[in-house]
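**Q** curious how this folds, go ahead:
(chains A and B)
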Amino acid sequence: MISVDSYFYLSIILMLSIFLGFELINKVPATLHTPLMSGANAISGITLVGAVGLVSAGDPALGKWLGVAAVALATINVVGGYMVTDRMLAMFKKKGK
Amino acid sequence: MATVIQIAYIIAAALFILGLKQLGSPATARRGNRISAVGMLVAVVAALLGQGIDYTWILLGVAIGTVVGAAAARLVQMTAMPEMVALFNGFGGLASLLVGWAAIAPGATTFTLVTIILSILIGGLTFTGSMVAYGKLAERIASRAVVFSGQQVVNSLIVLGILAGSVMFCLQPENHSWLYLVVGLSLLFGVMAVIPIGGADMPVVISLLNSYSGLAACAAGFAVHNNILIVAGALVGASGIILTQIMCKAMNRSLANVLFSGFGSGKVETAAVEGEIKPITVEDAYYVLEAASNVAFIPGYGMAVAQAQHVVKELAELLEANGAEVSFGIHPVAGRMPGHMNVLLAEADVPYDQLLEMDEINPRMESVDVAIVIGANDVVNPAAREVESSPIYGMPVINVDQARTVFVLKRSMASGFAGIENPLFYKENTRMLFGDAKESIGALVREFGN
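**A** Prediction:
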């Protein structure tokens, strides 16, 4: 069902994304390192998307439980990560405001 | 439907990239984070459109996760941010481990099996590594480096075990013993990898674990053939690696040295330091500050521990009202995570353009009348410049000793984290203000009030 070609295709996506990531993050000022990290952390909760797809009907029970646990954990990561980053960034103010 | 989902993933990827780009500037950072959150929402909704999904169970998982995540995000204190990030990181890692595990299906190709084992391995060590980091940061376990004889041998055996287990799993995927072996050893490896790293090296560890959580998601993406996981995971992986590099450079140490040397395990350097300690009273400190026209604050982890950021801001305002120029010098590894001090000072309403990076403040140090060191030690240690035998020799530091007068706020004379003597305390122009940082600064604020 999945050809060798599709692995190469996924690998190219991987490579391009890594280079893009380096370019994007390289110039972030030190002041923003903590929000950047927790914001990136929230993005790593993307594994939620993978987890959702695994909790499908008719799976063996173990797979389902693993999936549900993964959904819950990844949601903590996503919701908590974005909210706490937003809370932090709301505090960053320029002089004279 | 499959096309719609794929298009949604492309949109989500674009939003993540745009969001991260905007996170790079203080003026747009908040919007950037929200753009990235919208991207996540798009991706999750798209995933829910997939066929044969059991919504009841997913809703249950999402509900639990939302309540826990939202509560944690609202309740956490800013000083505890490193712990929070470590915990979230760990959860993300564990989720990737579970996704990899649940993706095991009969008839999987060897490539898929390899990516499954990778997501289990990286996810597992991210999970336990983050939990140990959390324990150290929250001081639930000793934050010093834990080293024992034979540690390298034990670690090598674990790595060999993981390698062997992984190969056997790929050859015999139906035999679950190999899977359990790899899961167990990955979890163990995370613990073993972080216990030999001391508290002051935590900025590096947190950055690295952050990177791993992205890479774990990336591997899980390969395991379930989902390119949004690969894109988002790789972006996070890359950002974590960059932060790790910045942190290592700021300590003038290689990543290998941070990870394996057991730095701060209690080795005490015995170089003799000349001079004597000169304590100062709050009252005398006040007179010096009142006459100063240029004051720089150099905060460290001690400011977070004492929760002194708000009184520091108060003192800074009083000094400014008194006609002094006030700045804050932030060392890249001050605190327990990258940018830790900046967040605390932002919480106390210090404008971010008043915070100077090390390279900005050092050239100005000679024109500073009073440099106030609050709970920082190694990052202002002149031994890094002067004493070749010092373990931190070569590390870039903030040169507070070049200011006209230095006030060091310290609880006692116990040596810093790594047990390294700090000649700064014995310099001619240094005065020690002993006591809790919050109380000392508070007392200075009251002096100004009188």
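**Q** state the distance from B:N322 to B:E314.
**A** Here the distance between B:N322 and B:E314 works out to 13 Å (CB to CB, to the nearest Å). Placement of C-beta: from N, CA and C, glycine included.
**Q** now do the SS call for the nearest residue to B:A27 once chain neighbours are set aside.
**A** Of all residues not flanking B:A27 in the chain, A:K94 sits nearest, at 7.5 Å (CB to CB, 6 or more residues apart in numbering or on different chains). The three-state assignment at A:K94 reads coil, by DSSP: H, G, I helix; E, B strand; the rest coil.
**Q** quick one: low-confidence parts of chain A?
**A** A:1-4, A:56-60, A:96-97 (pLDDT under 70).
**Q** which residue ranges of it form helices?
**A** For chain A, applying DSSP state H gives helices covering A:4-25, A:33-44, A:47-54, A:61-75, A:81-89.
**Q** run a quick neighbour tally on the residue of the stretch 101-250 of chain B found nearest chain A.
**A** Going by CB to the nearest CB, chain A is nearest to B:A238 of the stretch 101-250 of chain B, at 2.7 Å. Neighbour count for B:A238, taken as other CB atoms under 10 Å in any protein chain shown: 25.
**Q** pipe the helices of chain A into JSON lines and attach mean neighbour count per row.
**A** JSON lines is the format used below for these (neighbours: other CB atoms under 10 Å in any protein chain shown):
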{"stretch": "helix A:4-25", "mean neighbour count": "16"}
{"stretch": "helix A:33-44", "mean neighbour count": "30"}
{"stretch": "helix A:47-54", "mean neighbour count": "30"}
{"stretch": "helix A:61-75", "mean neighbour count": "23"}
{"stretch": "helix A:81-89", "mean neighbour count": "25"}
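**Q** a markdown table for the ones you listed, including distance to B:F127?
**A** Compiled in a markdown table, the helices of chain A are given as follows (distance: least, CB to CB, whole Å):
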| stretch | distance to B:F127 |
| --- | --- |
| helix A:4-25 | 22 |
| helix A:33-44 | 12 |
| helix A:47-54 | 12 |
| helix A:61-75 | 9 |
| helix A:81-89 | 16 |
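**Q** B:P396: what's it in contact with?
**A** B:A250, B:N252, B:M358, B:A384 (CB atoms under 8 Å, 6 or more residues apart in numbering or on different chains).
**Q** helix/strand/coil for it?
**A** coil.
**Q** okay, it and B:V406: tell me how far apart.
**A** 18 Å.
**Q** hang on, the earlier thing: which residues touch the residue of the stretch 101-250 of chain B closest to chain A?
**A** A:S17, A:I18, A:F19, A:L20, A:G21, A:F22, A:L24, A:I25, B:S211, B:G214.
**Q** in the stretch 351-450 of chain B, what residue is nearest chain A?
**A** B:P351 (3.7 Å).
**Q** quick one: that residue and A:K94 touch, right?
**A** Yes: shown here, B:P351 and A:K94 form a contact pair, counting by CB atoms under 8 Å, at 5.6 Å.
**Q** more neighbours: which of those two?
**A** Neighbour comparison, B:P351 and A:K94: the larger count goes to B:P351, with 16 against 11 (by other CB under 10 Å).
**Q** and that one, how close does it get to B:S186?
**A** In terms of CB to CB, B:P351 sits 45 Å off from B:S186.
**Q** with only the CA atoms kept, save the host helix or strand of B:L41 in PDB.
**A** For B:L41, the element it lies in under DSSP states H and E is helix B:29-48. C-alpha atoms of helix B:29-48 as PDB (Å, rounded to 0.1, in the frame of the first residue of the first chain):
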ATOM      1  CA  ALA B  29       5.200  37.300  19.500                       C
ATOM      2  CA  ARG B  30       1.800  37.000  21.100                       C
ATOM      3  CA  ARG B  31       0.000  37.100  17.700                       C
ATOM      4  CA  GLY B  32       2.500  34.500  16.500                       C
ATOM      5  CA  ASN B  33       1.700  32.100  19.300                       C
ATOM      6  CA  ARG B  34      -2.000  32.500  18.500                       C
ATOM      7  CA  ILE B  35      -1.500  31.900  14.800                       C
ATOM      8  CA  SER B  36       0.300  28.700  15.700                       C
ATOM      9  CA  ALA B  37      -2.500  27.700  18.000                       C
ATOM     10  CA  VAL B  38      -5.000  28.200  15.200                       C
ATOM     11  CA  GLY B  39      -2.800  26.000  13.000                       C
ATOM     12  CA  MET B  40      -3.000  23.300  15.700                       C
ATOM     13  CA  LEU B  41      -6.800  23.600  15.800                       C
ATOM     14  CA  VAL B  42      -7.000  23.300  12.000                       C
ATOM     15  CA  ALA B  43      -4.900  20.100  12.100                       C
ATOM     16  CA  VAL B  44      -6.800  18.500  14.900                       C
ATOM     17  CA  VAL B  45     -10.200  19.200  13.400                       C
ATOM     18  CA  ALA B  46      -8.900  17.800  10.100                       C
ATOM     19  CA  ALA B  47      -7.700  14.700  11.800                       C
ATOM     20  CA  LEU B  48     -11.200  14.200  13.400                       C
END
